[in-house]
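Peer 1: Need a 3D model of the sequence below.
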Amino acid sequence: MTRRRATSIAIVAAAGLLLAGCAGAPAYEPETAERLQQHVLAVSTSSAEGDWAGASTRLMELEASAATALARGEITRERYDAIMSALALVRADVDAAIAEAERAAAEAAAQAEAERQAAEEAARQAEEDRGNDRKDEKGPKKDD
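Peer 2: Model (predicted):
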C-alpha cells in the first residue's frame, strides 16, 4: 500500500469519526448537523481523491461552519471543542500529505532536470564525436 493511499484511508477514517461526532443529539439542530456533515463529506471526498489542497480548503470551511454554529448557539461549546479536536487530527494528516506531495514533486522536478541535463550532455558529446569523425575521414594532408 502506498503512503498516499494509507494517508487517504487515515483521513477518511478520521473524517468518518468526525462525521459521527456531528450526528444529531437532543440539543443539536438537524439542519446544523446536516450542514456540518456535508462539510465532513467534502473533506473526506477530497482526501480520498488525493486532492490535498481541496481537503485543506474544505477543512477551513468546516472550521468556519462550526464556529458559526457555536456563535449562533446551534451547538454547545463541548460539541464545538470535540469537533475542533477531531479537525486538528485530520488537519495534521492533510498537512503531512501536502508536505509529502510537495516533496515528491520537488524530487520529480529534480530528476527531470537531471535527465534533461544528461540528454543535453549526450547530444553535445554526440555532436563532438561527429565532428571528430569528419576530421578523421579527411585523413592527414599529404605533401606533394
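
Peer 1: Check the offset of the longest helix seen in the chain from the chain's centre.
Peer 2: Ordering each helix of the chain by length in residues (DSSP state H) puts helix 77-138 first. A distance of 14 Å separates the centroid of the chain from that of helix 77-138, by Cα atoms, centre = their mean, to the nearest Å.

Peer 1: and it, what's its mean pLDDT?
Peer 2: Helix 77-138 shows a mean pLDDT of 88.

Peer 1: now stretch 31-39
Peer 2: Mean pLDDT, computed over stretch 31-39, is 89.

Peer 1: With just CA atoms, put that stretch into CSV.
Peer 2: Taking C-alpha atoms only, stretch 31-39 is exported to CSV below (Å, rounded to 0.1, in the frame of the first residue of the first chain):
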residue,chain,number,x,y,z
GLU,A,31,-30.1,21.4,10.0
THR,A,32,-26.8,22.2,11.8
ALA,A,33,-25.9,18.5,11.9
GLU,A,34,-26.7,18.2,8.2
ARG,A,35,-24.6,21.3,7.3
LEU,A,36,-21.6,20.1,9.3
GLN,A,37,-21.9,16.5,7.9
GLN,A,38,-21.9,17.9,4.3
HIS,A,39,-18.6,19.7,5.1
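
Peer 1: Give the buried residues for it.
Peer 2: 32-33, 35-37, 39 (16 or more other Cβ atoms under 10 Å). Every residue, glycine included, has its C-beta placed from N, CA and C.

Peer 1: and of those, the nearest to residue 98?
Peer 2: Lowest distance from residue 98 to the buried residues of stretch 31-39 (Cβ to Cβ) belongs to residue 39, with 18.9 Å.

Peer 1: Need phi/psi at residue 72.
Peer 2: Torsion angles at residue 72 (phi, psi; degrees, to the nearest 10) stand at phi -80, psi 0.

Peer 1: Apologies, that question was intended for residue 74.
Peer 2: The phi and psi values for residue 74, taken as degrees, to the nearest 10, are phi -80, psi -20.

Peer 1: What spatial separation is found between it and residue 90?
Peer 2: 21 Å (Cβ to Cβ, to the nearest Å).

Peer 1: out of those two, which sits in the busier spot?
Peer 2: The neighbour count for residue 74 versus residue 90, taken as other Cβ atoms under 10 Å, is higher for residue 90 (26 against 20).
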